[in-house]
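Peer 1: this is the structure alone, sequence omitted:
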């Protein structure tokens, strides 16, 4: 037989693309269209319905950036179409090949009922099946002219990312709005040909099945009447049946498909637009569920459900019905799909608490798994937190984006820092927007790393981010691929079913220990520094408000605990931890609003704390310590005078001057408090830091060396920092002034001022306080650079085999060497409040109040000593997608702590992030709780969410070793229970002498519910 593969393949492609596809709609009649441009922000349906509309012609430009245009569409189904399947087909003038992130619309009936969305790859709205003929169609269509920020794959700067800079030029040209007959036979033929052709092209050239399909398609195309595609479609389909009915191989891989629409809660659009995106997509999904009984849709992010509930009650009712019918599967159990590295430990716990509770309260469903397909790496505390929230499995896909190393597993047990394991899966299809194309099916099988041990994987299918979710075409592909020779088998099912089957099939799956580090998007630890700072401050202000509100509720009978306010504020902070807001990868509009929201949250939380403290009475000025560690340090009075005080953990003390161990002396550019001696060089760097207790020099080179690097990654400017940034830099050594600004027995401070680059300035105040080895560097930056990153380096004279960085409820150790590509790829990593470097007998910590990204490197000097350097990433200047990212003022503090143990790093990390509060209060209320035992750290103190009056305390082991101790209360204790994160009892806690006995494994998290006597 002659090889005619090329002829056949080209023939099939042309006939499909040019003849079959164009015949899917057999006849059309145009709508009569009128338009009304909403002024400013979106308006309610009632306002749009009452507006005055003007005639609108097809081919007319419409839609200024971020605008809303309402279209009234009227038409009538022709009488002769009776018995046909009739649809509205609307093309808003979609651009490019991106299925979302551009124009989209929601179609309403004239009574305000949302019907379905119109999206680039989902343009139809059902009218009648079958039609009676003569039906009147009257729609009001809310169309959003969202700009295509993703145009050109982020290769150019755009000002469209904020309505303040986007202008008003129309973005789209309306193509068509028709009533049309869907020719179902041709539509099914279109899908038959697509599935077979794509399968054929993925099979090997020597695979008999490939040639069998090719010749079947060739013979079928002979039956296609080019002058009557509709009339010949049935015969063509009949000819293809044998090729479509051959069953899959017995050993074929099984793909569990589940409908999905990954909708970023903000990204290349603001939060207000996400509220509309969810309503559009969810309308599509519920419509598809009505059409396909075998359809199942998985949806995470309780926040998005709440938006729909509050703003689109009719869509919400349809969701509830779909959940009852088993076609809608709430998953994830988190408030949003948050970033996986940056949120604090308690914030991650609250993500689970608020997310799971929402699904329980509104659907009676307790989700079983964590659904985070798109976050930029995953911290090693997740397994324990997930299990404590009642989860059994974890799903992500993002690690497949690794720049250097291919992750070795797709199904595995993930072990966290405490030893907890959770069953985890990475879909080998390498997308969370699958459509069951031939390429995707082949890729899933080819990639799957568990061959020989397991035989199934998951594939979330559907268009996200405004693409409208799963489509009927994808469902039809799934049906054809359920049992087809040469292909993996597709079954549409609930993710819980997939994970149960996968775990049963593969109980001895391999184990991955530690963080799931993404070898990409490392700049998300630093971009949009003010957003990150807002998150860090909010987390700590929430801790403070809850602690003192609890103290007031226990000690002031007239005080009312602010349950609703705290709940609302927590949810605001949790929303902004979404994996494109907190990482700094959104448009300018998103970050402008985030900064404003964080400022509002801060004001409200300061007010709540002040109200709680004032409820304790007035009179004696006291110092309040929200840290879980007792503190002896310098605080300033309302008049600015420094006072040395001692305050218990989670408690208060009078503002009374205590004698410090030794006063601070200032001699030229030398600060000395008897614990450390700091010398500031003429260029403003630290020329020496001597630990007087240990009798050793800490630095191995200039400390606090500010280094300005060129920072232009290969792609994804706001997301990425590529290794070549290290190759080009300027050390900022030209200090315009180095001045002593405070000289007091309690405080010594030297200010360093610099200017550089494009008019940027940095003012740093280096401060040493009595009684503390911590050297604070308060930093004010006025930043006007572009495509740069500013780092602060501390080269220390320590031979550290690894660094330790704080993460959620513990810390993680990372090698300082680059023996393998796995270590070399970690050239930029994340941490929370501190990084610690140590060798036997001595350590140093670098503390911060709002910085996450850093690097750690190691060199050997000519004298044989080792220099280990921590480089904090302070601020970046990417231009895509926000052309003015990080421009303007920044205020932050970081510190060097010589002679630090891990315990010291933990305590000082809390201290720097939880400043002592000075306020008037009468009496001396006992701390709500006091923890005894090395490594026992209290993370949260609050009243129980059920308003029972019980006190809830969350604590953890912070050193990485076993801990024993007790938790004593400042109130009569009637009983204690160990609970899950949702405050549901697991077991009774052991009480000894009126206190809770504690025995913790390394990094164990423990939640206690304390009943008051």
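Peer 2: That came through, no problem. Everything quoted here is computed from the prediction, not taken from an experiment.

Peer 1: doesn't residue 67 make contact with residue 169?
Peer 2: No. Taking Cβ atoms under 8 Å as the definition, residue 169 is not a contact partner of residue 67, at 10.6 Å. Placement of C-beta: from N, CA and C, glycine included.

Peer 1: now residue 932. Its backbone dihedrals?
Peer 2: phi -120, psi 140 (degrees, to the nearest 10).

Peer 1: for burial, what's the neighbour tally of it?
Peer 2: 12 (other Cβ atoms under 10 Å).

Peer 1: for this structure, which residue is closest to the average position?
Peer 2: residue 579 (2.0 Å; Cα atoms, centre = their mean).

Peer 1: list the contacts of that residue.
Peer 2: 264, 336-340, 372, 374-376 (Cβ atoms under 8 Å, 6 or more residues apart in numbering).

Peer 1: gap between the two ends of stretch 913-933?
Peer 2: 23 Å (Cα to Cα, to the nearest Å).

Peer 1: same thing with stretch 356-376?
Peer 2: So stretch 356-376: terminal residues 22 Å apart, Cα to Cα.

Peer 1: which parts of that stretch are buried?
Peer 2: Buried residues in stretch 356-376, counted by 16 or more other Cβ atoms under 10 Å: 356-360, 362-363, 365, 367-376.

Peer 1: can you give me the offset of it from its chain's centre?
Peer 2: 15 Å (Cα atoms, centre = their mean, to the nearest Å).

Peer 1: quick one, helices of the stretch 201-350 of the chain?
Peer 2: 208-222, 229-245, 271-291, 302-311, 313-324, 345-363 (DSSP state H, counting those that start in this stretch).

Peer 1: want to throw the ones you listed into CSV with mean pLDDT and distance to residue 1012?
Peer 2: Listed next are those as CSV, based on pLDDT from 0 to 100; distance: least, Cβ to Cβ, whole Å:
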stretch, mean pLDDT, distance to residue 1012
helix 208-222, 98, 72
helix 229-245, 98, 69
helix 271-291, 98, 40
helix 302-311, 98, 31
helix 313-324, 98, 38
helix 345-363, 98, 22
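
Peer 1: distance to residue 826 for those helices - can I get that in JSON lines?
Peer 2: Below are the helices of the stretch 201-350 of the chain laid out as JSON lines (distance: least, Cβ to Cβ, whole Å):
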{"stretch": "helix 208-222", "distance to residue 826": "43"}
{"stretch": "helix 229-245", "distance to residue 826": "48"}
{"stretch": "helix 271-291", "distance to residue 826": "33"}
{"stretch": "helix 302-311", "distance to residue 826": "32"}
{"stretch": "helix 313-324", "distance to residue 826": "42"}
{"stretch": "helix 345-363", "distance to residue 826": "21"}
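
Peer 1: quick one, which of these gets closest to residue 528.
Peer 2: The closest of the helices of the stretch 201-350 of the chain to residue 528 is helix 271-291. By Cβ to Cβ, the value is 15.2 Å.

Peer 1: sorry, back to before: okay, residue 169 and residue 67: which has more neighbours?
Peer 2: Using other Cβ under 10 Å as the criterion, residue 169 and residue 67 rank with residue 67 on top: 23 against 9.

Peer 1: so what sits opposite that one in the bridge?
Peer 2: Per DSSP bridges, the residues bridged to residue 67 are residue 145.

Peer 1: OK, contacts around it?
Peer 2: Contacts of residue 67 by Cβ under 8 Å, 6+ apart are 37-38, 144-145, 168.

Peer 1: closest to residue 399 out of the residues you listed?
Peer 2: Taking these together and measuring to residue 399 by Cβ to Cβ, the closest member is residue 144, at 33.0 Å.

Peer 1: and the gap between the residue nearest to the centre of the chain and residue 264?
Peer 2: Separation of residue 579 from residue 264 (Cβ to Cβ, to the nearest Å): 8 Å.

Peer 1: same check on residue 309?
Peer 2: Distance from residue 309 to residue 264, by Cβ to Cβ: 20 Å.

Peer 1: the two: who's more crowded?
Peer 2: Neighbours per residue (other Cβ under 10 Å) separate residue 309 from residue 264, with residue 264 holding more: 25 against 16.

Peer 1: which residue is the nearest non-sequential neighbour of the more buried one?
Peer 2: residue 580 (5.2 Å; Cβ to Cβ, 6 or more residues apart in numbering).

Peer 1: hang on, isn't the one you found packed against residue 269?
Peer 2: No. Here residue 580 lies out of contact with residue 269, judged by Cβ under 8 Å, at a distance of 10.2 Å.

Peer 1: overlap in contacts, these two.
Peer 2: residue 590.

Peer 1: the two: which has the busier surroundings?
Peer 2: Neighbour count, other Cβ under 10 Å: between residue 580 and residue 269, residue 269 has more, with 27 against 24.

Peer 1: list the contacts for that one?
Peer 2: Neighbours of residue 269 in contact, by Cβ under 8 Å, 6+ apart: 101, 146, 149, 277, 466, 587, 589-590.

Peer 1: mind checking how far it is from residue 588?
Peer 2: Residue 269 is 12 Å from residue 588, by Cβ to Cβ.

Peer 1: need the strands for the stretch 801-950 of the chain, in chain order.
Peer 2: 802-807, 810-815, 829-830, 834-839, 842-848, 853-860, 866-876, 888-898, 917-920, 929-932, 936-943 (DSSP state E, counting those that start in this stretch).

Peer 1: checking my notes, residue 83 in a strand, right?
Peer 2: No. Using DSSP: H, G, I helix; E, B strand; the rest coil, the secondary structure at residue 83 is coil, not a strand.

Peer 1: excluding its backbone neighbours, what's nearest it?
Peer 2: That would be residue 130: by Cβ to Cβ, 6+ apart, it lies 4.7 Å from residue 83.

Peer 1: next up, the contacts around that neighbour.
Peer 2: 82-85.

Peer 1: please tell me which one of the residues you listed counts the most neighbours.
Peer 2: Greatest neighbour count in the contacts of residue 130, by other Cβ under 10 Å, goes to residue 84: 21 neighbours.

Peer 1: what kind of secondary structure is residue 419 in?
Peer 2: Residue 419 - assigned by three-state DSSP - is coil.

Peer 1: I figured it hits residue 1005, correct?
Peer 2: No. Look at residue 419 against residue 1005 with Cβ under 8 Å: they stay out of range, at 12.0 Å.

Peer 1: can you map out the helices along the stretch 351-500 of the chain?
Peer 2: 382-388, 438-447, 472-480, 495-505.

Peer 1: quick one on the thing from earlier: of all the helices of the stretch 201-350 of the chain, which lies closest to residue 893?
Peer 2: helix 345-363 (20.9 Å).

Peer 1: for the closest one, packing partners?
Peer 2: Contacts defined by 3 or more Cβ pairs under 8 Å, 6 or more residues apart in numbering; DSSP states H and E place helix 345-363 against helix 302-311, helix 313-324, helix 382-388, helix 529-555, helix 563-575, strand 936-943, strand 951-957.

Peer 1: could I get the ones you listed as TSV with distance to residue 203?
Peer 2: As requested, the helices and strands packed on helix 345-363 are exported to TSV (distance: least, Cβ to Cβ, whole Å):
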stretch	distance to residue 203
helix 302-311	40
helix 313-324	37
helix 382-388	39
helix 529-555	48
helix 563-575	46
strand 936-943	55
strand 951-957	53
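
Peer 1: out of those, flag the one nearest residue 702.
Peer 2: Residue 702 lies closest to helix 529-555 among the helices and strands packed on helix 345-363, at 23.6 Å (Cβ to Cβ).

Peer 1: any idea how far the closest one is from the middle of the chain?
Peer 2: With Cα atoms, centre = their mean, you get 21 Å for helix 529-555.

Peer 1: repeat for stretch 348-365
Peer 2: Distance, centroid of stretch 348-365 to centroid of chain: 17 Å (Cα atoms, centre = their mean).

Peer 1: ok, stretch 709-724 next?
Peer 2: Centre to centre, stretch against its chain (Cα atoms, centre = their mean), the figure for stretch 709-724 is 20 Å.
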